Structure formats: structure tokens, C-alpha cells
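Enquirer: One predicted model, sequence on top.
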Amino acid sequence: MTAGRTIADAIELLFDAPFDDFVAQRKQLAAGLRAAGDVAGAREVLATKKPSRTAWALNRVARHHPETLRSAIDALAAAARAQSTADGDAMRELARAFRDRIGDVIARCEETLQQAGAGLNVSQARRLGETLRAAISEPGDSRDRLLAGRLVDDLEVEDPFAGLPSAAPSRAVGREGKAQRASEARERAVEQARHKVRELEEEARQARIAAQQAETAALRAQAEADKAHSAAHAAEARLANAREALKAI
């Protein structure tokens, strides 16, 4: 760790680390602070909770694509203003725009996870949407953490615009539906592949048992054959002796 680095620097580096490197980076940064004499800072770094995978993805979007996140916050604010004026048509249009911006953030998160070698399944996409809505719906600690790219936990909130009809399906809904169908298809393919593997494993196990049984039977047959050969040789020897005895009479 570079001399003079502060606890704030360490925390910033920690939350900017790749998901799979978080724990190792946390230990390394804490060790650096401890070596520099900042024992309290080292404890604080070690106490920093590793984000969930979905929270980490949102943090990456906040850090590397802040404009996408800001668009979602602005869309929510515009919808809230329309709600306060009781303008139904404007409210529906802005609520749809808000869902679109949520879809944009989720799409960025999916790209981020794919670049990190992970996918985005249906439950993760749902958690992303819920966490994002919860974090940006009210000013406070959760929103501040998200904007700073330091969100740790998944959050839950009901969609404030869920009861409003829309004139047409939003792009966000279309993307989420397409992603869900693709994810479900992948899950079905994985389950089918697993079933096929289990079938082949059982087939291989039965083949091994049959081979062992055949080998045992072959060994037993060989032993019986060896015994019969020995008996035949003994009988032939007795016959030869009997013939020699007959000649001597």
C-alpha cells in the first residue's frame, strides 16, 4: 500500500475492485493501513461488508456510467412532479419513461456482469430493479451510497407506478421480458443437460458393474478350466501306469 494513503482512499479502492477480488483486496488494504500505523482504519476496512453481486453491478454502473443512473433519477423526479399535478396522461407517459430508464440501468448491469464472466438470471434482474427503485425513490443514505458506488445490500420497494396503465409496452418491460425468456430457456437447457449427465452417469455405473461381474465370472471360469486340465492330466497319468502294469503281466 502506498505511504500516505488514507482510509477514504482505501475504501474507494475497495469498492472499485472486481467482485471476485473484493475479499483479497480488503485484506491487502487493511494490512497496508496497519503497516502505516492506522490500526483503526485497518479495522474499518476489514469491517466493510462485501456487496451482493447485484449491488456490485449497480456500483459499477454508478462509477463508470453515471449518466445512465442519473437519467433514471431524473425520470423518477419528473414522474413525481406529474403525479403531484394529477395530470393522468403525463403521469402515464413519464412513468413509462421511468421504467425505460430502469431498463437502461439493468441493461448496463447485465453488460457489467457479462464482462466479469457472470450472467444475469431472472431473480437477479428482479433484485436489480427493486434495489434501484428503492435506492433512488427517496433521498437518503441508500441513494447517496448508490451515487457514490458504495451500495452493499439488495433493497426492496414496491414500484410507485405499478398500478398505472401504459399506452404501450415500455422498452424496459420488453427488455426484461426478453431477458427473462432467455434466462428461462438457459435454465431449461441447463436442467436438460444435467438430466442427460445423470442418465449417462447411471449408464456408466451399470456398465462398470457389468464389466466387474463379467471379469469375476471369467476368473471363476478360468479357475474351473485349470482344475479340469489338472484332473485330465492326472487321469492320463494313471491310465499310462495301468497300461505299463498290464504289459508286465
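Expert: Received, thanks.
Enquirer: Looking at the protein, which helix is longest?
Expert: helix 171-248 (DSSP state H).
Enquirer: Against which helices or strands is it packed?
Expert: helix 88-115, helix 122-137 (3 or more C-beta pairs under 8 Å, 6 or more residues apart in numbering; DSSP states H and E). Where C-beta positions appear, they are placed from N, C-alpha and C, glycine not excepted.
Enquirer: angle of it against helix 122-137?
Expert: 150 degrees (axes from the mean of the first three to the mean of the last three C-alpha atoms, to 10 degrees).
Enquirer: for helix 171-248, the distance to its chain's centre please.
Expert: 38 Å (C-alpha atoms, centre = their mean, to the nearest Å).
Enquirer: swap in stretch 64-78?
Expert: Counting by C-alpha atoms, centre = their mean, stretch 64-78 comes out at 27 Å from the chain centroid.
Enquirer: Give me the contact list for it.
Expert: For stretch 64-78, contacts defined as C-beta atoms under 8 Å, 6 or more residues apart in numbering pick out 58, 61-62, 94, 97-98, 100-102, 104-105, 108, 112, 132, 136-137, 143, 146-147.
Enquirer: Buried residues in that stretch, which are they?
Expert: For stretch 64-78, the neighbour count (16 or more other C-beta atoms under 10 Å) marks 65, 68-69, 71-73, 75-76, 78 as buried.
Enquirer: Turn those into TSV, columns for distance to Q28.
Expert: Formatted as TSV, those follow (distance: C-beta to C-beta, whole Å):
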residue	distance to Q28
H65	27
T68	31
L69	29
S71	35
A72	34
I73	34
A75	39
L76	38
A78	44
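Enquirer: Looking at those, which are in strands?
Expert: With strands taken from DSSP state E, there is no overlap with the buried residues of stretch 64-78.
Enquirer: L147: what's it in contact with?
Expert: Contacts of L147 (C-beta under 8 Å, 6+ apart): 62, 66, 69.
Enquirer: if you set the cut-off to 6 Å instead, what comes out?
Expert: Contact partners of L147, counting by C-beta atoms under 6 Å, 6 or more residues apart in numbering, are A62.
Enquirer: Likewise for A80?
Expert: Neighbours of A80 in contact, by C-beta under 6 Å, 6+ apart: none.
Enquirer: helix, strand or coil for it?
Expert: helix (DSSP: H, G, I helix; E, B strand; the rest coil).
Enquirer: measure it to F22 for me?
Expert: Distance of A80 to F22, computed by C-beta to C-beta, to the nearest Å: 35 Å.
Enquirer: same check, this time on R81
Expert: 39 Å.
Enquirer: The two: who's more crowded?
Expert: F22 (17 against 13; other C-beta atoms under 10 Å).
Enquirer: how much space between the most centrally placed residue in the chain and E199?
Expert: Nearest to the geometric centre of the chain sits A118, at 6.0 Å (C-alpha atoms, centre = their mean). Distance, A118 to E199, by C-beta to C-beta: 29 Å.
Enquirer: got it, and A57?
Expert: From A57 to E199 the distance is 36 Å (C-beta to C-beta).
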